[in-house]
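[1] fold the following.
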Amino acid sequence: MAIHIEGDREMAANLAGMTRALSKAAVIRELTAAAEPIRAKAASSAPRGQFPPHLADHIVIAAVEDEGGAPAVAIGPTPHFAYGRFQEWGTIHHPAQPFMRPGFDAGTAAAITRVGKGLYTTVTDANTEG
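    Okay, the predicted model is just below:
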């Protein structure tokens, strides 16, 4: 029995284009864009003290790698505002004032959709150029 596959060269070229298109930088770019609404919601929900600097003004998106080394992003306060975790979860002396979780809950579904569409566009654009 013989099998003949047509379009194998085109398929290989498309797969190679996908690999180039889905570079770490491209994935981080899409993840960062998708994370921005979550960051903005968290910042708008963060408590503000009477005097600056304010925790709300120091919530950022940072490029990281997950446990397997894949590109990822983290959203949260900068290191100088690490006390934000006490605002988020509370302490024995201070009730919780969640700001990260509401942002996450409000934006996760849209972020997943945006990443999928963004990466699809990146791959299809790369394959039409090549």
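[2] what pLDDT is listed against the residue lying closest to Ala72 once chain neighbours are set aside?
    In this structure, Ala72 finds its nearest non-sequential neighbour in Asp66, 4.6 Å apart by C-beta to C-beta, 6 or more residues apart in numbering. (Glycine included, C-beta is placed from N, CA and C.) Asp66 carries a pLDDT value of 89.
[3] from Val27, how far off is Asp66?
    Per C-beta to C-beta, to the nearest Å, Asp66 is found 11 Å from Val27.
[4] how about Ala110?
    18 Å.
[5] what does Thr113 give?
    16 Å.
[6] tell me which of the two has more neighbours.
    Val27 (20 against 11; other C-beta atoms under 10 Å).
[7] for Gly17, give me the pLDDT.
    pLDDT, read off for Gly17, is 57.
[8] check which helix or strand covers the spatially most central residue of the chain.
    By C-alpha atoms, centre = their mean, the mean C-alpha position of the chain lies nearest to Leu31, the distance being 3.3 Å. Using DSSP states H and E, Leu31 sits within helix 24-45.
[9] next: Thr113.
    helix 100-129.
[10] show me what that helix is packed against.
    helix 8-21, helix 24-45, strand 71-77, helix 84-89 (3 or more C-beta pairs under 8 Å, 6 or more residues apart in numbering; DSSP states H and E).
[11] how about it, which residues are buried there?
    Residues 100, 102-104, 106-107, 111, 114-115, 118-119, 122-123, 126-127 are the ones in helix 100-129 that count as buried (16 or more other C-beta atoms under 10 Å).
[12] among the residues you listed, which pair sits farthest apart?
    Using C-beta to C-beta, the pair of those lying farthest apart is Pro102 and Asn127, separated by 38.8 Å.
[13] okay, now the residue lying closest to Gln87 once chain neighbours are set aside: neighbour count?
    Of all residues not flanking Gln87 in the chain, Gln97 sits nearest, at 5.0 Å (C-beta to C-beta, 6+ apart). Residues lying near Gln97 (other C-beta under 10 Å) number 15.
[14] helix/strand/coil for Gln97?
    Using DSSP: H, G, I helix; E, B strand; the rest coil, the structure places Gln97 in coil.
[15] and it, what pLDDT?
    95.
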